[in-house]
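**Q** compute the structure for the input listed below.
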Amino acid sequence: MPFKQGEIVGAYKIIEQLGQGGMATVYKAYHAALDRYVELKVLHPDLNGDPTFTARFQREARVIAKLEHPHIVPVHDFAEYDKYPYLVMKFIEGETLSERLKRGPLTSAEINDVVDSVGAALTYAHQQGILHRDVKPSNVLIATDGHIYLADFGLARIAQSGESTLSSDAILGTPQYISPEQAIGKKDLNEGTDIYSFGIMMYEMVVGRVPFISDTPFSIIHDHIYSPLPLPRTVNPSVPESVEDVLLKALDKERVNRYGTVSEMETAFKSAWDTAGVPMRGTAVMLPKTVAQKTGKTSGEVNAHLTGSAKSAGGAEMSQKSKTKLPLWSFVALGVAIVICCLFAVFFLGLFNKFRPLLPLINPTEIATPVPTQFDFCSGEQTWLNRDYFPEREIQYCRDQDHYLTGLVFNDGEWTAVLGKDVSYTNQIYLTNPELPKDKIREYWDQGFDITDVTYGNGEWFVVMSEGTGFTNQSYISDANFPDADIQDYWKKDYSISEMSYGNGTWMVVMSKGTRFTVQVYFSGATFPEDKIRNYWDAGYDITSVTYGNALWTVVMSEGSGFENQYYYKESSFPEDGIKEDWDNDYFITDLTFGDSLWIVVMSKLK
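**A** Reported below is the predicted structural model:
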């Protein structure tokens, strides 16, 4: 970090670091003479030594300083301090569109405002002969008063004169939103590249996810260049057909087939909603078309996804046939091949320079968190994943490796999923909806599925249902209060608590008949009840479910779990290293939850 909190940089006092991107670190600073806060964008130290890059940074400042538009973040100043060039921009109090999307679907008014504001900003910039080249939700700022700005024209180039603000062999952008021509390094970019990236953003707002998702930026870039676009209505059938047509045209691989201008695309997008006769709205759910037809889903209902493997809270083991899919190593090999070819080409062209990237400069906050290689991503008996988005594609990949979803937790904007192999399930789906999807649960009960996991996160309920559980019957209780009396009644009928969760002011307690549990108890407390857990361990019980809800920890312990031994982690951060060691000693995650700033991860050893 080049600047420290409290440091005086020219006329500015550093207040705090706001973020870090592919080329620069961003700070909030204070200008005493003008009595205002500003944003400083400071060139990264590892790029500072390249005179070409520094000159490009200076040219970038002059380019974006020409842009004066109500929806473009203005540049106030440019300077250099202690050999660190920096831009001074208006400080916007608020959040990014990326942060807003994590909180749930956009309203009709929000989508309309984003399309109008970003469209107007791009149209104006294009009229000045300037491209953005990195249009994405994290570069769209939503001020506290609702005003929307497009930020970071730092990757722009002057299209009109052909003078580039980038070096000739650098490719800049963010993998999820990069255009095919930008990804392959074409020099003659035009408005089409911004239209494509803007189209990806529209796709994400209305479909619920970006079209291409993978563990590596290389495979995402490959998909933008070569793979057909996942049809919006196949991913989410609630998308109107007229809107799908607009997205298909905007995201054509060939830029000549896209819209000629941003305003043309913007007009077509709004007209498509009018043609459909439905309100413009966002969505945060993805659904394969085959499942939609099977479940009879219509617009506005819950979504069901076929998923990979899982292990129940009680440790029951399950399995499922997998679909044929390209293995992960093929994408890695492709990425390595691309890098080798690029290095070979630039070497013989005399273009090699260690400061000039041959692949996109990637903003780490825009790509999936890499799966730690020491955990053997869905190649061992159990795997956990941590993502800042719901890991739909990763779950599908794990299903191809015969892993099923066994645990799911949402915490502080991130999903943690646990997947296991060699279990007794024969099929699995998951349902998502802002409200408990009661009708869909009944529908899948009728088809032989049982609830094996429930969680509430990011404004939605996630209910995992599996075939082959061994349960003879199942029910659930949903109530604002913990349903003590109902649980007692079900116990008398030989049901056991197999899963429970708390979210949106509601308890969801799943009662199943045919479990291997012989006796059950549960207890609650404002602090995690460690003493009671030890007492029941000594009496032959094991933890089979734990959750935090309504400011209380609730722990279910059962006899007859089939565990030889058990313990748990109580940590402020996810205990990655400990879990790896436990796996080596034949322990597995049988339950996990997060609450009151603590991770509780239960590790059990089967007899």
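**Q** and Gly549, bridged to which residues?
**A** For Gly549, the beta-bridge partners are Leu552 (DSSP bridges).
**Q** can you get me a residue count around it?
**A** 20 (other C-beta atoms under 10 Å). Just so you know, the C-beta spots here come from the backbone N, C-alpha and C atoms, and that holds for glycine as well.
**Q** and it, what does it touch?
**A** Going by C-beta atoms under 8 Å, 6 or more residues apart in numbering, Gly549 touches Ser501, Tyr502, Gly503, Trp507, Gly595.
**Q** need the per-residue pLDDT for it.
**A** Looking at Gly549, its pLDDT is 89.
**Q** ok, it to Thr506 distance?
**A** Distance of Gly549 to Thr506, given as C-beta to C-beta, to the nearest Å: 9 Å.
**Q** do the same with Gly260
**A** Distance of Gly260 to Thr506, given as C-beta to C-beta: 50 Å.
**Q** between the two, tell me which one has more neighbours.
**A** Set Gly260 next to Thr506 and count neighbours by other C-beta under 10 Å: Thr506 wins out with 17 against 12.
**Q** what's the closest non-adjacent residue to the more buried one?
**A** Residue nearest to Thr506 in three dimensions, not counting chain neighbours: Ser478, with 5.5 Å by C-beta to C-beta, 6 or more residues apart in numbering.
**Q** any idea what that neighbour is bridged to?
**A** Following DSSP bridges, Ser478 is listed with bridge partners Met508.
**Q** okay, now it: neighbour count?
**A** Quick note: Ser478 (other C-beta under 10 Å) scores 15 neighbours.
**Q** where does it land on pLDDT?
**A** Looking at Ser478, its pLDDT stands at 92.
**Q** what sits against it?
**A** Leu436, Lys438, Thr506, Trp507, Met508, Val509.
**Q** how many residues are close by Pro529?
**A** Using other C-beta under 10 Å, Pro529 has 18 neighbouring residues.
**Q** I'd assumed Thr554 was in contact with it.
**A** No: Pro529 lies out of contact with Thr554 (C-beta atoms under 8 Å); the separation is 9.0 Å.
**Q** shared neighbours of those two, anything?
**A** Listed as contacting both Pro529 and Thr554 by C-beta under 8 Å, 6+ apart are Phe523.
**Q** thinking again about what came up before, can you tell me how far the residue nearest to Thr506 sits from Ser524?
**A** Look at Ser478 and Ser524: by C-beta to C-beta, they are 18 Å apart.
**Q** any idea how this structure splits into domains?
**A** Following automatic domain parsing, one finds the domains of the chain at 8-90, 97-284, 304-321+362-606.
**Q** closest one to Pro2 among those?
**A** Closest to Pro2 of these is domain 8-90 (C-beta to C-beta; 4.9 Å).
**Q** what's the first-to-last distance across the closest one?
**A** 18 Å (C-alpha to C-alpha, to the nearest Å).
**Q** and if you look at stretch 223-233?
**A** 19 Å.
**Q** please put the alpha-carbon coordinates of the helix or strand hosting Val206 into CSV.
**A** Per DSSP states H and E, Val206 falls inside helix 191-207. In CSV, the C-alpha atoms belonging to helix 191-207 read as follows (Å, rounded to 0.1, in the frame of the first residue of the first chain):
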residue,chain,number,x,y,z
GLU,A,191,-18.3,1.4,-29.6
GLY,A,192,-19.2,-2.3,-30.0
THR,A,193,-16.9,-3.3,-27.2
ASP,A,194,-18.8,-1.1,-24.7
ILE,A,195,-22.1,-2.3,-26.1
TYR,A,196,-21.1,-5.9,-25.5
SER,A,197,-20.0,-5.2,-21.9
PHE,A,198,-23.1,-3.1,-21.2
GLY,A,199,-25.2,-6.0,-22.7
ILE,A,200,-23.5,-8.4,-20.2
MET,A,201,-24.5,-6.1,-17.4
MET,A,202,-28.1,-6.0,-18.7
TYR,A,203,-28.1,-9.8,-18.9
GLU,A,204,-27.0,-10.0,-15.3
MET,A,205,-29.7,-7.6,-14.1
VAL,A,206,-32.6,-9.4,-15.8
VAL,A,207,-31.4,-13.1,-15.9
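**Q** for Gly129, give its distance to Phe198.
**A** Taking C-beta to C-beta, one finds Gly129 at 18 Å from Phe198.
**Q** so for the two, which sits in the more crowded spot?
**A** Neighbour count, other C-beta under 10 Å: between Gly129 and Phe198, Phe198 has more, with 27 against 16.
**Q** quick one on the thing from earlier: what two of the contacts of Gly549 have the greatest distance between them?
**A** Largest separation among the contacts of Gly549 by C-beta to C-beta: Trp507 and Gly595, giving 13.8 Å.
**Q** output the below-cut-off pLDDT ranges for the stretch 101-250 of the chain.
**A** The stretch 101-250 of the chain contains residues with pLDDT under 70 at 154-173, 215.
**Q** change it to 50
**A** 156-171 (pLDDT under 50).
**Q** what are the boundaries of the helices in it?
**A** Here the stretch 101-250 of the chain has its helices, by DSSP state H, counting those that start in this stretch, at 108-127, 180-183, 191-207, 217-226, 232-235, 241-250.
**Q** most packed of these?
**A** With neighbours defined as mean count of other C-beta atoms under 10 Å, the helices of the stretch 101-250 of the chain peak in mean count at helix 191-207, which reaches a mean of 25.
**Q** same for that one, what does it pack against?
**A** Under the contact criterion of 3 or more C-beta pairs under 8 Å, 6 or more residues apart in numbering; DSSP states H and E, helix 191-207 touches helix 97-102, helix 108-127, helix 180-183, helix 232-235, helix 241-250, helix 262-276.
**Q** just to revisit the earlier point, among the helices of the stretch 101-250 of the chain, which is nearest Phe78?
**A** Smallest distance to Phe78 across the helices of the stretch 101-250 of the chain (C-beta to C-beta): 18.5 Å, for helix 108-127.
**Q** just the CA trace of the closest one, in CSV.
**A** Taking Å, rounded to 0.1, in the frame of the first residue of the first chain, the C-alpha atoms of helix 108-127 are listed here in CSV:
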residue,chain,number,x,y,z
SER,A,108,-38.3,-1.9,-12.2
ALA,A,109,-37.3,1.7,-11.3
GLU,A,110,-33.8,0.7,-10.5
ILE,A,111,-33.2,-1.1,-13.8
ASN,A,112,-34.6,1.8,-15.7
ASP,A,113,-32.3,4.3,-13.8
VAL,A,114,-29.2,2.1,-14.4
VAL,A,115,-30.0,1.7,-18.2
ASP,A,116,-30.8,5.4,-18.6
SER,A,117,-27.8,6.7,-16.6
VAL,A,118,-25.1,4.3,-18.0
GLY,A,119,-26.5,4.5,-21.5
ALA,A,120,-26.4,8.4,-21.4
ALA,A,121,-22.8,8.3,-20.0
LEU,A,122,-21.6,5.9,-22.7
THR,A,123,-23.4,7.8,-25.5
TYR,A,124,-21.8,11.0,-24.4
ALA,A,125,-18.3,9.5,-24.2
HIS,A,126,-18.6,7.8,-27.6
GLN,A,127,-19.6,11.2,-29.1
